[in-house]
Structure formats: C-alpha cells, structure tokens
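Asker: Sequence and predicted structure are below.
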Amino acid sequence: MKQVILKIDEKFLSGSITKILSKIIGTFNNIFESRIKSKHFSQSHYGFFSYYRKNYNCELSRLCDLYGSDKGEVESAGHPYPWPSHTYADYYSSLFSHCRLKPTKVFECGLGTNNPDIVSSMGVDGKPGASLRVWKDYFPNATIYGADIDKDVLFEEPRIKTYYVDQLDPESIGTMWREIGVKDFDFIVDDGLHTFEAGSTLFSNSISMLAEDGVYVIEDVSGLELREYDKFFSALNYRVEYISLHRVGIPAGNNNLVVIRKNAG
C-alpha cells in the first residue's frame, strides 16, 4: 500500500476551519499509516505507545546541535544537513540518562561522510564524526569506536578511534573487528548505509561483539524495511523492538529504529 499524506495551505483558511480540517486530515493520515504498519509486521503482534513532552534541556539533543549530528535537536535551525532532525536523542536519553557513567565501549558504523558521491552522504556541509563526538561527551567513561566506507573521513582523537569497513562485506567487517581488538560493547549503533541488506549483514557479523546486557540499534529504517527486519529476526533468539518515533507535523518516514538485546527474557 502506498502511503498517502494530505497537506493544506493554512494561509487560505481561517483559524477555526483550519483546526477542523487539520483534525480530519490528521485522522485520514493516521488511518493510512496504521494500515501500512499493520502490513509491516508478520511476526510481531504486540506494541505500546509512549507520549512525552519535548525536553528542551536534553543534554544528548544539545550535543547533537553542538556537533552537527542529525540524531536530535534542541534548536530547530542552523543544522549542517537539509532534512528534519530525527528524534533518536529523545529515545536514547530515556535509555541511558540514568546510567551515563556505566558504558565503557561504544561503536557506531557510519561517520557521516560529506562526500556527495557516496551513498548516505550527509551532504557537503555535513560534519563527519559528529555522532562519535556526541557519544564521547555523553558517555564520559567510554572509548568510542567508529567505522565508515569513506577512508577520507577516518580520524583519531582522545577516546575516539575509527576504522574502514564495507558493511556489505562480511570479510571487511571481520577485518575491522580484528583491528579494533576489543569486544563486549555496551552500545552498538548502525547509522551506515540504511538498507536491509547492509543492516542485516553488519548485524550478523557484529552481534557477537555486543555485551550480554548491551544494546544494538539499527537507525533510519524505512517503513517497508521494518517488515523485512521482522522476518529476519523471527528466526533468531533475540529480544527485538521496532520503534517508530513521531515528529510533530512530519510523516513517519525513516524515523524508525530496530533495537536488539541479546537477552530474550
């Protein structure tokens, strides 16, 4: 089913009419989104909604603004990328704000290349390594490891180390982990190529590096790919959640996460 999103130009409508039509259109869009989502999941049957007020003092979102990561925002303008920020920082804050001192090893695939000729580029104004610097400040006791297919954006700073990887190539992934030389990661993030093939390949060749109580996240999952991941994980013994994050006035799009834990209990 193709998602249908209706929009209105509020310049031509009075306040009361705008509110009424906005509710009707919102309801219409919700119906279509719910039908689409019902087709995404063949194996997962349970879910819950979590509503919250935006925390404009969120440290993780503030760091995203500071370094130029699109994982979250406090300010709505001045970003080095042209698309709306994700709201992953809100979710990650709910996971880690109470235990920021605990993680000692964090890994993220995808440094945010600014080479427009490379797939999943952040654009020429992008800030390579932005998310790694966010994690470095947010987890003060962690060493941050990163990897990317663009060798030109690899770098090293205190508590940050980066490596080359082609996440579609199991051999390349294995070579990267051998070069890193450590395991039992508290947090692994796939913010790389953003395709099911790339995400499933990286996961299959990296999950052994996750600590028993660690968290593995695949970011920027499209609605259609949620179903592919659901089928993929249905045959595996992991605790998996499919997180769809709502942004006010913006369709769901790819603002989705797949969150995996080794502990299936």
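Answerer: Received it, and whenever you're ready, just let me know what you need.
Asker: in stretch 126-143, what counts as buried?
Answerer: Using 16 or more other C-beta atoms under 10 Å as the burial criterion, the residues of stretch 126-143 that qualify are 126-139, 142-143. Backbone N, C-alpha and C define where each C-beta goes, glycine included.
Asker: Among those residues, which lie within strands?
Answerer: Counting by DSSP state E, the part of the buried residues of stretch 126-143 found in strands is T143.
Asker: Now for the residue lying closest to Y52 once chain neighbours are set aside: which residues touch it?
Answerer: Of all residues not flanking Y52 in the chain, D90 sits nearest, at 7.2 Å (C-beta to C-beta, 6 or more residues apart in numbering). Applying C-beta atoms under 8 Å, 6 or more residues apart in numbering to D90 gives the contacts Y52, K54, N55, C58, S61, G72, L245.
Asker: change it to 10 Å
Answerer: Residues near D90 by C-beta atoms under 10 Å, 6 or more residues apart in numbering: Y52, K54, N55, C58, L60, S61, K71, G72, E73, L245, R247.
Asker: Quick check: phi and psi on the last one?
Answerer: Read it as R247. phi -120, psi 130 (degrees, to the nearest 10).
Asker: The third one now?
Answerer: N55 adopts backbone torsions of phi -90, psi 100, taken as degrees, to the nearest 10.
Asker: That one reaches S61, doesn't it?
Answerer: Yes: with contact defined as C-beta atoms under 10 Å, N55 counts as touching S61 (7.5 Å).
Asker: what touches both of the two?
Answerer: In contact with both N55 and S61: V74, A89, D90, S93, using C-beta under 10 Å, 6+ apart.
Asker: Helix or strand for the closest residue to the first one other than its chain neighbours, just tell me which one.
Answerer: Okay, so that is V74. Nearest non-adjacent residue to V74, counting by C-beta to C-beta, 6+ apart: S61, 4.8 Å away. Element membership for S61 (DSSP states H and E) is helix 59-67.
Asker: right, and the helix or strand after that helix?
Answerer: Next in line after helix 59-67, if elements are assigned by DSSP H and E, sits helix 88-96.
Asker: now that next one and helix 59-67, what's the angle there?
Answerer: Angle of helix 88-96 versus helix 59-67, following axes from the mean of the first three to the mean of the last three C-alpha atoms, to 10 degrees, is 140 degrees.
Asker: number of nearby residues for P158?
Answerer: 7 (other C-beta atoms under 10 Å).
Asker: that older thread, so which of N55 and S61 has more stuff around it?
Answerer: S61 (26 against 15).
Asker: pLDDT score for that one?
Answerer: pLDDT for S61: 97.
Asker: which ones are touching it?
Answerer: Counting by C-beta under 10 Å, 6+ apart, S61 makes contact with 54-55, 69, 71-75, 85, 87-90, 92-93, 134.
Asker: if I look at the residue nearest to Y52, how far off is L60?
Answerer: To L60, D90 is 8 Å away according to C-beta to C-beta, to the nearest Å.
Asker: average pLDDT for stretch 228-246?
Answerer: The average pLDDT within stretch 228-246 is 93.
Asker: before we move on, what about stretch 110-121?
Answerer: Rounded to a whole number, the mean pLDDT of stretch 110-121 is 93.
Asker: Any idea how far that stretch is from the middle of the chain?
Answerer: In terms of C-alpha atoms, centre = their mean, to the nearest Å, the centre of stretch 110-121 is found 16 Å from the chain centre.
Asker: From start to finish, how long is it in a straight line?
Answerer: Criterion C-alpha to C-alpha, to the nearest Å; first-to-last residue distance in stretch 110-121 is 10 Å.
Asker: for that stretch, which positions count as buried?
Answerer: G110, L111, G112, T113, N114, S120, S121.
Asker: what about the strands in the chain?
Answerer: So, for the chain - with DSSP E - the strands run 105-109, 143-148, 156-157, 160-164, 185-190, 210-218, 239-244, 256-261.
Asker: between the ones you listed, which gets the lowest average pLDDT?
Answerer: Per-stretch mean pLDDT for these is lowest at strand 239-244 (a mean of 94).
Asker: Specify the beta-bridge partners of the residue lying closest to D190 once chain neighbours are set aside.
Answerer: Using C-beta to C-beta, 6+ apart and skipping residues adjacent in sequence, the residue nearest D190 is I218, 4.5 Å away. On the basis of DSSP bridges, I218 is bridged to D190, V258.
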